[in-house]
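**Q** generate a structure from the sequence data that follows.
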Amino acid sequence: MVRPKAVLIGPPGSGKTTIGTALAERLGLPLRDTDADTEAVAGKPIGEIFIDDGEERFRELERAAVRAALAEHEGVLALGGGAVLAPETQELLAGHTVVYLRVGLAEAVKRVGLASARPLLVLNPRSQLRKLLEERLPIYERLGTLRVDTDGRTPEEIVEEILKELP
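**A** This is a model prediction of the structure:
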């Protein structure tokens with residue numbers, strides 16, 4: 001059965017792509033990012049999908065990207081920050097090694113930046129990020145089979161911790 005070695009989840013700014021890249025490299029496995037898959041299918045960046053087609057269409061494409069990646073990918077998989085909101089995705093993650101990358105609001109704001117091009121953070125990035133964290137935190141906590149704090153740590157330190165905990 002094909003299954004990812006690790007599935008990374010967390011809010012914007014938690015380091016899913018950075019940590020995913022470094023972890024995949026250390027494991028000698030490919031990285032797959034469902035945001036990139038979604039953009040490839042739509043033929044445009046996520047921001048444009050939101051503007052042109054709406055969030056509902058983006059979430060539909062995102063669910064399909066996650067479903068395909070969980071069924072096909074054997075490396076490290078990074079999910080978009082909001083992918084875990086879908087009950088279907090939550091169910092599909094059962095039985096997988098899910099690494100929740102924890103990040104505090106202050107650190108996330110620093111990493112994402114206040115002039116963010118992320119569609120859900122456009123109007124007031126700090127306030128929107130706080131709202132996203134509050135809404136999603138219980139889901140991340142519940143789904144994460146491994147929980148790794150990222151604040152004030154280098155990608156190398158985070159990857160080392162994940163490697164020690166991976167089954």
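**Q** quick check: next helix or strand after the helix or strand bottoming out on mean pLDDT in the chain?
**A** Least confident helix or strand, the chain: helix 105-112 with a mean of 67, by mean pLDDT, DSSP states H and E. Per DSSP states H and E, the first helix or strand lying C-terminal to helix 105-112 is helix 125-143.
**Q** what lines up beside the helix or strand just after that next one in the sheet?
**A** Counting by DSSP H and E, the element after helix 125-143 in chain order, helix or strand, is strand 146-149. Note on strand 146-149: by DSSP bridges, its sheet partners are strand 98-102 (parallel).
**Q** got the angle for the partner strand vs helix 125-143?
**A** Using axes from the mean of the first three to the mean of the last three C-alpha atoms, to 10 degrees, the direction of strand 98-102 lies 150 degrees away from that of helix 125-143.
**Q** any idea of the mean pLDDT for strand 98-102?
**A** In this model, strand 98-102 has an average pLDDT of 97.
**Q** list of residues touching it?
**A** 6-10, 14-16, 19, 140-141, 143-151, 158, 162 (C-beta atoms under 8 Å, 6 or more residues apart in numbering). Yep, even glycine has a C-beta here, placed from its N, CA and C like the rest.
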